[in-house]
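Engineer: No letters, just coordinates:
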């Protein structure tokens, strides 16, 4: 499917900001399942510097500096993306999860170096051993890794309630696990933590999801939101995506922006400011079939 995506982030400040330095991850990746045909970044006030780079994980990042005093900062990202449907392998064709874990250490691990880096603690995914027992309910002895992964995805979707007021970006995995509530970022971090507790590589994915209105209702502008899911590594099949928020394997309705160890690597907009006082932020995302 082909999509046009418009992502708008607006910061309003109670006091003037005299200087800001920011980095954004708002350009969709091009890879085997997706092609970004075109994009445009528009920033107001106009920045004095605007530089695109490829980060460590291969994502396209844009850094910019605004030196003009301002009470409002607006960042618009428009893109034209083609997403190809993904046909997941039959679970029985994927190896047992213990075999995958064994291949991530010892001399053979050199064949999987790109994946091995996603085994370890990161900023938002730390000290995950407490989730081992929860993960092992799905990852029983000898079970194929995809079958176990899909089962874990379903359990997270069933056991946890989506609640946008329950957590924030300072909420730890342990807290989200205790209250059994959160948003897509929490669920992605939780499932990544389960994989890593088992010794299996998993990475965080940011992007968008096309949301469909209820029958008979008109699609509202701005109702689409930034989304998050995860990928796990399966030798012979590469990275396989999972969306615990929606209990599915993403296909052609998920638009991928970036991937990394966790949210901190792929935050859509982050930076530092001088001044500003109190501030509010508003984010609007529209994903429209082209």
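Structural biologist: Perfect, thanks for sending it. This structure is a prediction, so every number in the text was calculated from the model and none was measured.
Engineer: Which residue ranges make up the domains of this protein?
Structural biologist: Domains of the chain are assigned by automatic domain parsing as 2-84+267-289, 91-250.
Engineer: so which of those domains comes closest to residue 258?
Structural biologist: Among those, domain 2-84+267-289 comes nearest to residue 258, with 3.8 Å by Cβ to Cβ. Quick note: C-beta positions are derived from backbone N, CA and C, even for glycine.
Engineer: Distance from the chain centre to the closest one, please.
Structural biologist: What separates the centre of domain 2-84+267-289 from the centre of its chain is 16 Å, taken as Cα atoms, centre = their mean, to the nearest Å.
Engineer: And stretch 207-219, what's buried?
Structural biologist: 207-210 (16 or more other Cβ atoms under 10 Å).
Engineer: next SSE after the strand or helix carrying residue 5?
Structural biologist: In the assignment (DSSP states H and E), residue 5 maps to strand 2-24. Going down the chain from strand 2-24, the next helix or strand is strand 34-44, by DSSP H and E.
Engineer: quick one: buried residues of that following strand?
Structural biologist: Using 16+ other Cβ under 10 Å as the test for burial, strand 34-44 gives 34, 36, 39, 41, 43.
Engineer: ditto for stretch 271-282
Structural biologist: Across stretch 271-282, burial judged by 16+ other Cβ under 10 Å covers 271, 273, 276.
Engineer: Measure how buried residue 201 is and give me the count.
Structural biologist: Counted with other Cβ atoms under 10 Å, residues neighbouring residue 201 total 23.
Engineer: One more: residue 151?
Structural biologist: With other Cβ under 10 Å as criterion, residue 151 counts 16.
Engineer: can you give me the strands for this protein?
Structural biologist: Per DSSP state E, the chain carries strands over the ranges 2-24, 34-44, 49-54, 60-66, 70-83, 161-162, 181-182, 202-209, 226-234, 238-242, 254-260, 269-275, 279-289.
Engineer: For the first one, enumerate the helices and strands it packs against.
Structural biologist: The helices and strands touching strand 2-24, judged by 3 or more Cβ pairs under 8 Å, 6 or more residues apart in numbering; DSSP states H and E, are strand 60-66, strand 70-83, strand 269-275, strand 279-289.
Engineer: Good, we can wrap up now.
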